[in-house]
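Visitor: need the 3D shape of this:
(one chain, ligands or ions: 1)
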Amino acid sequence: MTTAREEGLVTCRTCARVWPGMAEACGRCGARLSSRDALSLQRVWAWWIAGVACYIPANLYPMLVTETLTSRSESTIIGGAIDIAKHGDLGIALIVLIASVFIPVVKFIAIAYLGLSVKLRSQQTPVGRMHLFEVIEFIGRWSMIDVFVVAILSALVQLSVVASIQPGPAALAFALSVIFTMFSAKSFDPRLIWDYLPTRAGSRAP
Ligand SMILES: [Zn+2]
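Guide: Here you go, the predicted model:
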C-alpha cells in the first residue's frame, strides 16, 4: 500500500482534488497546497501557550463584580461556583465547573498530547488520536458556551437585590483563552498523525 505522498501527489484540503506534488495552488479552487503543513506544530504550541497564559488570570481575577446598595463583592470562577453550591444550586455549580474548569483543562491536555505524540513520532494507534482530534474540534465549536457562564452567574445573582453587576477582568482573559485554544486546535495538521507509521506492506513511511 502506498500513500499519495509517496506517489508525489498532494490533496487540496479545501475541495479534495488531487494534484501532482509540485503544484503550489489548487487549479480548481485556488487554495494553497502543501503535502504537510511544516509550521503546523509551531503554530499549535504558540497558540497553546497563549491559551494557557490567559487561562491563569482567568482563574485568579474576579469573573464578576457585584454591587448591592450596601456592599461590593468580587468572585472568581471557582469562588462563584462555591457560592452557587452554597445557595443549594448544585446542578448549576456543576455546569459552571465543567464549562469553565474541566473542559478547558482537558482541551489543553488533549492538544498537548497530540502535539507531543507527533513530535515524538509515536507509533501508537493513529485511529484513537484521530478520534481525539475530532472531539477537540467538536468541542471547539461550542467553546464559547464557556463565556456564557458569566451570563448564567449574572442571572443568578440578579435574583437577589443587586445594584449592579459587571464582568470582572477574568471574563476577558477567559474569552481570549478560549479563542487561543481554538486557534491552537485549528493549527494542528491531522495528517501528521499518520506519518512515521510502518505501512502494512512494510514500506517506509515518509
Ligand atoms: Zn481545491
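
Visitor: my read: F108 touches Y55, true?
Guide: Yes. Here F108 reaches Y55: they are 7.4 Å apart, a contact under C-beta atoms under 8 Å. Yep, even glycine has a C-beta here, placed from its N, CA and C like the rest.

Visitor: quick one, which of those two is more surrounded?
Guide: Y55 (24 against 17; other C-beta atoms under 10 Å).

Visitor: how about the more buried one: what's its closest non-neighbour residue?
Guide: S177 (4.3 Å; C-beta to C-beta, 6 or more residues apart in numbering).

Visitor: so how far is R32 from the one you found?
Guide: Per C-beta to C-beta, to the nearest Å, S177 is found 29 Å from R32.

Visitor: more crowded one of those two?
Guide: More crowded of S177 and R32, by other C-beta under 10 Å: S177, with 28 against 11.

Visitor: list the residues that contact the more buried one.
Guide: 51-52, 54-55, 58, 104 (C-beta atoms under 8 Å, 6 or more residues apart in numbering).

Visitor: most surrounded residue in these?
Guide: Neighbour max across the contacts of S177 (other C-beta under 10 Å) = A58, 26 neighbours.

Visitor: so it is in which element?
Guide: Per DSSP states H and E, A58 falls inside helix 40-60.

Visitor: flag every buried residue along that helix.
Guide: Residues 40-41, 43-45, 47-48, 50-52, 54-55, 58-59 are the ones in helix 40-60 that count as buried (16 or more other C-beta atoms under 10 Å).

Visitor: helix or strand with the lowest mean pLDDT in the protein?
Guide: Least confident helix or strand, the chain: helix 145-158 with a mean of 63, by mean pLDDT, DSSP states H and E.

Visitor: that's a helix at A99, yeah?
Guide: Yes. The assignment for A99 is a helix, going by DSSP: H, G, I helix; E, B strand; the rest coil.

Visitor: and it, how close does it get to the ion?
Guide: 37 Å (C-beta to the ion, to the nearest Å).

Visitor: secondary structure element holding the nearest residue to I92 once chain neighbours are set aside?
Guide: Leaving aside its chain neighbours, I92 sits nearest to I84 (5.4 Å; criterion: C-beta to C-beta, 6+ apart). According to DSSP H and E, I84 maps onto helix 77-86.

Visitor: gap between that helix and the chain center?
Guide: 24 Å (C-alpha atoms, centre = their mean, to the nearest Å).

Visitor: so where's this protein shaky on pLDDT?
Guide: For the chain, applying pLDDT under 70 flags the ranges 1, 141-163, 196-206.
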